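> next comes the sequence, and after it the predicted model I'd like to discuss.
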Amino acid sequence: MRLSRYFMPVLKETPAEAQIASHRLMLRAGLIRQSSAGIYSWLPMGLKVLRRLEQIVHEEQQRAGHHPMLMPTIQSADLWKESGRYDDYGKEMLRISDRHGRDMLYGPTNEEQITDIFRRDVSSYKQLPLTLYHIQWKFRDEVRPRFGVMRGREFLMKDGYNFDLTKEDALHAYNRHMVSYLRTYERMGLKAIPMRADGGPIGGDYTHEFLVLADTGESEVFYDSAVTDLTLGERDVDFDDVAQCQALMEEFTTPYARTDETHDEAIFAEVPEERRKTARGIEVGQIFYFGTKYSEAMGANVQGTDGKNVPVHMGSHGIGVSRLVGALIEANHDENGIIWPESVAPFGVSVVNLKQGDTDTDRVCEELYAALGKAGIEVLYDDRSERAGTKFATADLIGSPWRITVGPRGLKEGVVEVTSRRSGEAETMAPDAAVGKLAEIFAGL
RNA sequence: CGGGCUAUAGCGCAGUCUGGUAGCGCGUCCGUCUGGGGGACGGAAGGUCGUAGGUUCGAAUCCUGCUAGCCCGACCA
């Protein structure tokens, strides 16, 4: 993308309403604009990030054997009256009525809807196990929205639902989700720790929250530092392998890791003192197994091998996709701006032309732009007639992980400069070598 | 939902106390000089001062209602 033709309204100063780094930087870098309290428009570059996260979530869900679908944002209240949650949910739920005076609502989640879909078309154990998910906008009418997209009222969420004949099968689904979530966050360049959690309004005995450590996190967390060393890495996972998923789940949940809601000082005290850590965390996902709570309330039964109807065992699982954009920035920024991990960056490379209008710098920039694009890298070419300082400041702010600086001084020696946004380290090399180096870096993503 | 604060140009702010018809910086547009970390100079555009009503010869300024936004707490992904 040529910056001169793009819509990327960056701000030099921070809007007064933004308190935390991610909110400030999302506004300053032109990712979002507020529409009303807790409701945001996603500008082109913000949408790019959101789409990249969605893409990773889709790939990892489908890798685990889950099926994408899409349910509506507006739901009928009838289903919620049936499950009993119409009254339980309280003012957080945005209630509306249509022209006929029917009670409707803007969905804060979709257990009722998915259960309704399930019970209409699934009647036999032979159709199980089944896990369906979607990525859809939700609305929760927070009393006090804040921190930009981290605690908005409207938010994009992946929510998934598993249906299984037995508790054992449903717990495998639970473990499978645990592992697929770990993979998902790792691909995004995030360290998310599964922590034992409270059921909350969704209910359930088995539940873990995934938290990203960040000073601005809303939850206080307590953990054994051993848990932060764990990674899935390149390990090959067979999501149908019950024992493997179980083992991985145990590996990642055995070290102590809890939020303040479930924290137990007595158990925590057993962790060796030097490994006992207290920090703050941002919740970016949660998984639940809740048994037959909804299937019983809503009559979601299947016939078992003996021909008898039994309620299915269910679980639900969520990833806060829009919130993740904020969490990623909280975990990846410095005083100059955002530092995107390669896998989610809206632009992998910023090409900075230090002397717009100079025949040689213009030509080399164009060649780099074309060659990097051919290598499958999204490039933001800063072709504005701005001075070097302005272009560097913009590049730092928007956080492309790599910058190629092209100026007459370097071109005299036949080189350009390749700079890592994260480390700040710069290397000079021929333009061809720069393309080769970056193509290699981005090839694995 | 309790407590506190704010609303003036795209962004950050002054002006309000003491009423006289709106200003600064950044950004934007034009021009010139520049050109490796937000450059300089000259010119210009842009505001029903959140909204409705009241007081007054006259209201950004004083009074009342409303709305929106922000902060702390409780709540929550």
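Good, I have the coordinates.
> use CA for all of it now, contacts and neighbours both
Will do.
> what segments of the stretch 201-350 of chain A are strands?
A:206-213, A:219-224, A:257-259, A:276-291, A:301-303, A:309-311, A:313-320, A:333-334, A:337-338, A:349-353 (DSSP state E, counting those that start in this stretch).
> ok, which of the ones you listed comes nearest A:R2?
strand A:349-353 (9.5 Å; C-alpha to C-alpha).
> thinking again about what came up before, include distance to RNA strand B, mean pLDDT and mean neighbour count when you put the strands of the stretch 201-350 of chain A into a markdown table, please.
Output for the strands of the stretch 201-350 of chain A, formatted as a markdown table (distance: least, C-alpha to the nearest atom of the strand, whole Å; pLDDT from 0 to 100; neighbours: other C-alpha atoms under 10 Å):
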| stretch | distance to RNA strand B | mean pLDDT | mean neighbour count |
| --- | --- | --- | --- |
| strand A:206-213 | 8 | 93 | 24 |
| strand A:219-224 | 6 | 92 | 21 |
| strand A:257-259 | 10 | 92 | 27 |
| strand A:276-291 | 4 | 93 | 22 |
| strand A:301-303 | 27 | 97 | 21 |
| strand A:309-311 | 25 | 97 | 20 |
| strand A:313-320 | 6 | 96 | 25 |
| strand A:333-334 | 11 | 95 | 18 |
| strand A:337-338 | 8 | 96 | 26 |
| strand A:349-353 | 9 | 97 | 28 |
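> would you turn these into a markdown table with distance to A:E265?
What follows is the strands of the stretch 201-350 of chain A, written out as a markdown table (distance: least, C-alpha to C-alpha, whole Å):
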| stretch | distance to A:E265 |
| --- | --- |
| strand A:206-213 | 19 |
| strand A:219-224 | 9 |
| strand A:257-259 | 10 |
| strand A:276-291 | 11 |
| strand A:301-303 | 42 |
| strand A:309-311 | 38 |
| strand A:313-320 | 28 |
| strand A:333-334 | 33 |
| strand A:337-338 | 37 |
| strand A:349-353 | 47 |
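> in chain A, where is pLDDT below threshold?
Low-confidence segments of chain A (pLDDT under 70): A:199-205.
> can you give me the helices in it?
Using DSSP state H, the helices assigned to chain A run over residues A:21-28, A:44-63, A:77-83, A:85-88, A:111-121, A:167-187, A:242-253, A:265-268, A:293-298, A:321-331, A:359-374, A:388-398, A:408-411, A:431-443.
> the longest one vs helix A:321-331, what angle?
Think helix A:167-187. Orientation of helix A:167-187 against helix A:321-331 (axes from the mean of the first three to the mean of the last three C-alpha atoms, to 10 degrees) gives an angle of 50 degrees.
> if you count neighbours, what's buried in helix A:167-187?
A:167, A:169-187 (16 or more other C-alpha atoms under 10 Å).
> just to revisit the earlier point, with distance to RNA strand B added, can I get the helices of chain A in JSON lines?
As requested, these are exported to JSON lines (distance: least, C-alpha to the nearest atom of the strand, whole Å):
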{"stretch": "helix A:21-28", "distance to RNA strand B": "8"}
{"stretch": "helix A:44-63", "distance to RNA strand B": "14"}
{"stretch": "helix A:77-83", "distance to RNA strand B": "17"}
{"stretch": "helix A:85-88", "distance to RNA strand B": "11"}
{"stretch": "helix A:111-121", "distance to RNA strand B": "14"}
{"stretch": "helix A:167-187", "distance to RNA strand B": "15"}
{"stretch": "helix A:242-253", "distance to RNA strand B": "18"}
{"stretch": "helix A:265-268", "distance to RNA strand B": "19"}
{"stretch": "helix A:293-298", "distance to RNA strand B": "16"}
{"stretch": "helix A:321-331", "distance to RNA strand B": "5"}
{"stretch": "helix A:359-374", "distance to RNA strand B": "9"}
{"stretch": "helix A:388-398", "distance to RNA strand B": "3"}
{"stretch": "helix A:408-411", "distance to RNA strand B": "4"}
{"stretch": "helix A:431-443", "distance to RNA strand B": "12"}
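> these: which one's closest to A:V352?
Nearest of these (C-alpha to C-alpha): helix A:388-398, 6.7 Å.
> export that closest one to CSV, keeping only CA atoms.
Below are the C-alpha coordinates for helix A:388-398, written out as CSV (Å, rounded to 0.1, in the frame of the first residue of the first chain):
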residue,chain,number,x,y,z
ALA,A,388,12.9,11.7,7.5
GLY,A,389,12.0,12.4,11.1
THR,A,390,8.3,12.5,10.3
LYS,A,391,8.4,9.2,8.3
PHE,A,392,10.4,7.4,11.0
ALA,A,393,8.0,8.6,13.7
THR,A,394,5.0,7.3,11.7
ALA,A,395,6.7,4.0,11.0
ASP,A,396,7.5,3.6,14.7
LEU,A,397,4.0,4.5,15.7
ILE,A,398,2.2,2.1,13.4
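> which other residues reach it?
Contacts with helix A:388-398, where a contact means C-alpha atoms under 8 Å, 6 or more residues apart in numbering, come from A:10, A:25, A:28-29, A:336-339, A:350, A:352, A:354-355, A:382, A:403, A:421.
> what distance separates that helix from the middle of the whole chain?
26 Å (C-alpha atoms, centre = their mean, to the nearest Å).
> same question, stretch A:430-445
26 Å.
> could I have the buried ones of the contacts of helix A:388-398 as ChimeraX selection syntax?
Selecting only the buried entries of these in ChimeraX, with 16+ other C-alpha under 10 Å as the criterion:
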select /A:10,25,28,29,337,338,339,350,352,354,355,382,403,421
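> how much space separates A:D159 from RNA strand B?
A:D159 sits 11 Å away from RNA strand B, taking C-alpha to the nearest atom of the strand, to the nearest Å as the criterion.
> which residues does that residue bridge with?
Under DSSP bridges, the beta-bridge partners of A:D159 are A:H134, A:G318.
> related to what we said a few turns ago, which two from the contacts of helix A:388-398 end up farthest apart in space?
A:L25 and A:K355, at 27.4 Å, using C-alpha to C-alpha across the contacts of helix A:388-398.
> distance between the ends of stretch A:350-367?
14 Å (C-alpha to C-alpha, to the nearest Å).
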